[in-house]
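>>> 3D model of this:
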Amino acid sequence: MDVPISRGQIARQFLSAAKGVLLDWDGCVAIENRVLCSAKKLIEQHAGRIAIVSNNSTHVSADLAAVLARHGLDVPEHRILLAGVEAIRHVSARGARRVMMIGSPKVRQFARMQGIVLVRENADLVVLARDARFTYAKLERAANALQRGADLVVANVDRTHPGIGNRLVPETGSLLEALLACVDGVRDKMRVIGKPAPLLFELACERLSVTPGEAVMIGDNPETDGEGARRAGIHAILVGGASPLRLEHLIEPSV
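Below is the predicted model:
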């Protein structure tokens, strides 16, 4: 009788055949920017084919490249695609004159480096990213800007991401829900940059010089990693949560 091939073996076969390996960050590669041992081994095995595709909107690509480098892993900044960074690049390309930015100091500084003028009032456009210092005053200013007709660009719609010990870390989507509760008609007009939207997947394939059909996406969130990859024509491998697979199942056994 033939021995059935395990799901881990099947997943490793997909990885072995792929020309590009896209990895989620929070909850997959790292927990609160602490790289998991299994992720380190996986990246080492597929080093030249790796791109990070993350809804992270707190950090810039150089931050995560530095985290990986401390573990002896070399993933170039141009292959680290982050929702917050790409939201800023999108806004910069639009040429918006007056931008209200809700986000971390790092992402706000990145916006200024892109030539974006940040304002507190009379904004043409509101950018929403994860902001651990979110306040009622910021909510009030952003809501009134939208009420007066400003456009809204959102880094991602994730409500939480996993922290150490399975603690919930509030994400950009939880701030978005507060904003949408204040102003009607915004949801249908806002632009979302992060997964499951296609932009990060497209950029990752471009940076790796592969087609979507030649790539594999590894992540822990079926709504963003799984659904986003499916829409982009990329095979998804889900780990953790309800999936029977864990990251360690994807590591090729030592010879």
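>>> Now do the domain split for this structure, please.
The chain breaks down by automatic domain parsing into domains covering 17-83+195-247, 87-192.
>>> quick one, which of the ones you listed is nearest to Ser6?
Closest approach to Ser6 among the domains of the chain is made by domain 17-83+195-247 (9.7 Å; CB to CB). The C-beta positions use only the backbone N, C-alpha and C, and glycine is treated the same way.
>>> picking that back up, of all the domains of the chain, which one comes closest to Ile10?
Closest of the domains of the chain to Ile10 is domain 17-83+195-247, at 9.3 Å (criterion: CB to CB).
>>> Span of the closest one from start to end?
17 Å (CA to CA, to the nearest Å).
>>> all helices for this protein, in order.
With DSSP state H, the ranges of helices along the chain come out as 7-17, 37-45, 61-69, 83-94, 105-113, 136-147, 172-182, 199-208, 227-232.
>>> how far away is the residue lying closest to Arg120 once chain neighbours are set aside from Val119?
Nearest non-adjacent residue to Arg120, counting by CB to CB, 6 or more residues apart in numbering: Arg141, 6.3 Å away. Per CB to CB, to the nearest Å, Arg141 is found 10 Å from Val119.
>>> Find residues that contact each of those two.
Residues touching both Arg141 and Val119 by CB atoms under 8 Å, 6 or more residues apart in numbering: Met100.
>>> so which of the domains of the chain gets nearest Ala11?
domain 17-83+195-247 (5.1 Å).
>>> Quick one: mean pLDDT over that closest one.
In this model, domain 17-83+195-247 carries a mean pLDDT of 96.
>>> Just list whatever residues bridge to Leu22.
Ala51, Met217 (DSSP bridges).
>>> for it, what are its contacts?
Contacts of Leu22 were listed using CB under 8 Å, 6+ apart, and they are 51-53, 201, 204, 215-218, 229, 234.
>>> Most neighbours out of those, which is it?
Neighbours here mean other CB atoms under 10 Å. Within the contacts of Leu22, the largest count is held by Val53, at 31 neighbours.
>>> Contacts only, for that residue.
For Val53, the contact set (CB under 8 Å, 6+ apart) comprises 22-24, 81, 195, 200-201, 204, 217, 219.
>>> Please tell me how far it sits from Thr160.
In this view, Val53 and Thr160 are 19 Å apart by CB to CB.
>>> wait, isn't Ile50 in contact with Val21?
Yes - counting by CB atoms under 8 Å, Ile50 touches Val21, with 5.3 Å between them.
>>> So which of the helices of the chain is the most surrounded?
Ranked by mean neighbour count, those are led by helix 83-94 with a mean of 22 (mean count of other CB atoms under 10 Å).
>>> Render the CA-only coordinates of that helix in PDB, please.
In PDB, the C-alpha atoms belonging to helix 83-94 read as follows (Å, rounded to 0.1, in the frame of the first residue of the first chain):
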ATOM      1  CA  ALA A  83       2.000  48.300   3.900                       C
ATOM      2  CA  GLY A  84       2.900  51.500   5.700                       C
ATOM      3  CA  VAL A  85       5.900  52.300   3.500                       C
ATOM      4  CA  GLU A  86       3.900  51.600   0.300                       C
ATOM      5  CA  ALA A  87       1.000  53.700   1.500                       C
ATOM      6  CA  ILE A  88       3.400  56.700   1.800                       C
ATOM      7  CA  ARG A  89       4.800  56.000  -1.700                       C
ATOM      8  CA  HIS A  90       1.300  55.800  -3.100                       C
ATOM      9  CA  VAL A  91       0.400  59.200  -1.500                       C
ATOM     10  CA  SER A  92       3.700  60.700  -2.700                       C
ATOM     11  CA  ALA A  93       3.000  59.500  -6.300                       C
ATOM     12  CA  ARG A  94      -0.500  61.100  -6.100                       C
END
